[in-house]
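Asks: when you get a sec, could you give me coordinates for this:
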Amino acid sequence: MTLAITPPMCWNSWDCYGTTVTEEEVLANASFMAEHLLPYGWDTVVVDIQWYEPAARAGGYNDAAALELDAFGRQLPAVNRFPSAAGGVGFKNLADKVHGLGLKFGLHIMRGIPRQAVRDGLPVESTDFTADQIADQSSVCDWNTDNFGLDHRHPAAQAYYDSQLRLFAGWGVDFVKADDMLGPYFAAEIAAYQQAISRCGREMALSLSPGRALSLAHLEHLRHNAQMWRVSDDVWDVWEDVEAQFARMARWAPHQRAGAWADADMLPVGRIALRAERGGERLSRLTLDEQRTMMTLWCVSRSPLMLGCDLPSSPPETLPLLTNRHLLEVLNASRNNRELLREGDLVLWTAESTTSEDRFVAVFNTGTADLVRTLPLGDLGLTSGAAGSEASGVHSWRAREAWSGDDAVIGLKDGLPALDVKLPSHSAQLFRFSL
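Replies: Okay, here's the model as predicted:
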């Protein structure tokens, strides 16, 4: 069975709570998602980094943190933040509650093995070896001190990952975000992690991060080992982060396919940063037009969608961003998605529906001034549906714009049918063309 037939649609605790999310907050967002977003395809709740750190704080990581580990060096939820984990049951009770809402449950994990397990020489489950024997202490993350990498020349290195994934499977985990995997590219770690998933007895989607300077040279290895992978460092609520994803997704979009998705990263919409890593509590600093542009680019390039806001306290205008059925149809039921044109501040993308003869055209204004253009349909890859109609100035295409719901204005330019567009700064329009 192929996992992630369409791009995953998730909520993730990172943008809002950083390292400090609690069980109560996870369940509040899960309940909101089940009621308001599940009918639109949003179906996975992900607990991000350091759920095993009792003293986790906003704004950074504690060096040499004392982690919650079991006797085999595997991370356990911090009970002061996740009280239902008491008694060593891990995330089982929380995952059961999330599943009871009709949702999937996911978690974040760092590459490798906790330094604390290495220091204490904890045994590797089902082996005669200990953590200090399988760690590669020269392989460290440059932004977090929780783990060492694994030495995959040692047979018990794979056994440690196998043991960790068996534990996660027993909890009911459906989705794993494995971090510090891609920058640099740790091919042996990635393959070992996917092998452990395949042995754990439960289907789990694997997401890889962080994606800095990720090369297309790794495409086949990524497709073989993961369902999604980041193509950049973290995206936050500043226009420069969003704009930078245009070029990245133009490179990756032609290679998107079922079960293997290039990921443009988080969607910092709504109310974020209650206890996060970048600034204080706020509504997204992206304007509503910029948030629509971000959603349009992510969907037309078929990136996975990963919400970062506190859903219950986000403003009313957040929900329509996430429930636009025309936009989500492009995400879930389109093909040949590609950048068609980049000319100054104008960027055009196009895609074809997989359920009809319809075509999609996304028009972006990345500049600081209004953009007014008349775009010949032929330049958008749209030919007339009637023989001889172009010569007579008649066309068969009609179109509707997804964000406004308005019919498009299709006029003539040099005697040929053309689409009239007017876009404010940093805005987007998505047109669905039908014959």
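Asks: for the stretch 51-200 of the chain, what spans make up the helices?
Replies: Here the stretch 51-200 of the chain has its helices, by DSSP state H, counting those that start in this stretch, at 92-100, 115-120, 131-134, 155-171, 187-199.
Asks: tell me which other helices or strands the third one touches.
Replies: The elements that helix 131-134 packs onto, with contact taken as 3 or more Cβ pairs under 8 Å, 6 or more residues apart in numbering; DSSP states H and E, are strand 113-114, helix 115-120, helix 155-171. Every residue, glycine included, has its C-beta placed from N, CA and C.
Asks: quickly run through the sheet partners of the first one, with directions.
Replies: Sheet pairing for strand 113-114, assigned by DSSP bridges, gives strand 147-150 (antiparallel).
Asks: buried residues, the strand it pairs with. List them.
Replies: Buried positions in strand 147-150, judged by neighbour count with 16 or more other Cβ atoms under 10 Å: 147-150.
Asks: immediately after the helix or strand of the chain with the lowest mean pLDDT, which helix or strand?
Replies: When the helices and strands of the chain are compared on mean pLDDT, DSSP states H and E, helix 389-392 comes out lowest with a mean of 44. Next helix or strand after helix 389-392 toward the C-terminus (DSSP states H and E): strand 398-401.
Asks: which residues touch the closest residue in space to Glu53 that isn't next to it in sequence?
Replies: Spatial nearest neighbour of Glu53, chain neighbours left out: Ala65 (5.2 Å); criterion: Cβ to Cβ, 6 or more residues apart in numbering. With contact set as Cβ atoms under 8 Å, 6 or more residues apart in numbering, Ala65 has these partners: 50, 53, 55-56, 145-146.
Asks: do you know the pLDDT at Ala65?
Replies: As predicted, Ala65 sits at a pLDDT of 93.
Asks: please shift the residue numbers so they start at 40 in all later answers.
Replies: Done: numbering now begins at 40, and the last item shifts to Ala104.
Asks: okay, it and Glu316: tell me how far apart.
Replies: Ala104 is 15 Å from Glu316, where distance means Cβ to Cβ, to the nearest Å.
Asks: swap in His365?
Replies: 34 Å.
Asks: rewinding a little: among the helices and strands packed on helix 170-173, which is the most enclosed?
Replies: strand 152-153 (a mean of 26; mean count of other Cβ atoms under 10 Å).
Asks: ok, residues contacting it?
Replies: By Cβ under 8 Å, 6+ apart, strand 152-153 touches 106, 108, 112, 114, 170, 173-174, 185-189, 199.
Asks: how far does it sit from the chain's center?
Replies: With Cα atoms, centre = their mean, to the nearest Å as the basis, strand 152-153 stands 25 Å off its chain's centre.
Asks: what's the local residue count around the residue nearest to Asp87 when sequence neighbours are not counted?
Replies: In space, and not counting its chain neighbours, Asp87 is closest to Trp53: 4.0 Å by Cβ to Cβ, 6+ apart. Residues lying near Trp53 (other Cβ atoms under 10 Å) number 23.
Asks: list the contacts of Trp53.
Replies: Contacts of Trp53 (Cβ under 8 Å, 6+ apart): 87-88, 147, 305, 315-316, 347.
Asks: thought His365 was touching Phe470?
Replies: No - between His365 and Phe470 there is no contact, the gap being 9.4 Å when judged by Cβ atoms under 8 Å.
Asks: next, show the common contact partners of the two.
Replies: Looking at what touches both His365 and Phe470 (by Cβ under 8 Å, 6+ apart), the common residues are 439, 441.
Asks: burial of Asp272, as a residue count?
Replies: Using other Cβ under 10 Å: Asp272 sits among 15 other residues.
Asks: please report how far the residue nearest to Glu92 lies from Cys338.
Replies: Counting by Cβ to Cβ - Ala104 and Cys338 are separated by 38 Å.
Asks: likewise for Asp397?
Replies: According to Cβ to Cβ, Asp397 stands 15 Å off from Cys338.
Asks: more neighbours: which of these two?
Replies: Ranked by neighbour count (other Cβ under 10 Å), Asp397 and Cys338 place Cys338 first, with 27 against 18.
Asks: give me the three-state assignment for the more buried one.
Replies: Put simply, Cys338 is helix when judged by DSSP: H, G, I helix; E, B strand; the rest coil.
Asks: list the contacts for it?
Replies: Counting by Cβ under 8 Å, 6+ apart, Cys338 touches 344, 366-367, 369-370, 469.
Asks: about what we covered before: His294 is nearest to which of the helices and strands packed on helix 170-173?
Replies: helix 194-210 (27.2 Å; Cβ to Cβ).
Asks: what's that closest one packed up against?
Replies: So helix 194-210, by 3+ Cβ pairs under 8 Å, 6+ apart, packs with helix 131-139, strand 143-149, helix 170-173, strand 186-189, helix 226-238.
Asks: how far away is Gln203 from Ala252?
Replies: 28 Å.
Asks: how does this structure divide into domains?
Replies: Using automatic domain parsing, the domain parsing of the chain gives 48-371, 379-473.
Asks: out of the ones you listed, which one sits most buried?
Replies: Buried most deeply of these, by mean count of other Cβ under 10 Å, is domain 48-371, with a mean of 20.
Asks: save the helices and strands packed on helix 194-210 as TSV, and put in distance to Ser353 and mean pLDDT too.
Replies: As requested, the helices and strands packed on helix 194-210 are arranged in TSV below (distance: least, Cβ to Cβ, whole Å; pLDDT from 0 to 100):
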stretch	distance to Ser353	mean pLDDT
helix 131-139	20	98
strand 143-149	21	98
helix 170-173	42	98
strand 186-189	33	98
helix 226-238	33	98
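Asks: so which of the ones you listed gets nearest Leu325?
Replies: Comparing the helices and strands packed on helix 194-210 by Cβ to Cβ, strand 143-149 comes nearest, at 23.9 Å.
Asks: centre of the chain versus the closest one, how much separation?
Replies: The answer for strand 143-149 is 13 Å, by Cα atoms, centre = their mean.
Asks: could you list the residues in contact with that strand?
Replies: 49, 53, 82-88, 90, 114, 130, 133-134, 137-138, 180, 183, 185-186, 203, 207, 210-219, 244.
Asks: please save the CA atoms from stretch 142-150 in PDB.
Replies: Taking Å, rounded to 0.1, in the frame of the first residue of the first chain, the C-alpha atoms of stretch 142-150 are listed here in PDB:
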ATOM      1  CA  LEU A 142      -7.600  11.800  13.100                       C
ATOM      2  CA  LYS A 143      -4.000  10.400  12.800                       C
ATOM      3  CA  PHE A 144      -1.300  11.000  15.400                       C
ATOM      4  CA  GLY A 145       2.300  12.000  14.700                       C
ATOM      5  CA  LEU A 146       5.400  13.000  16.500                       C
ATOM      6  CA  HIS A 147       8.800  14.500  16.000                       C
ATOM      7  CA  ILE A 148      12.100  12.700  16.700                       C
ATOM      8  CA  MET A 149      15.800  13.700  16.300                       C
ATOM      9  CA  ARG A 150      18.200  11.600  14.300                       C
END
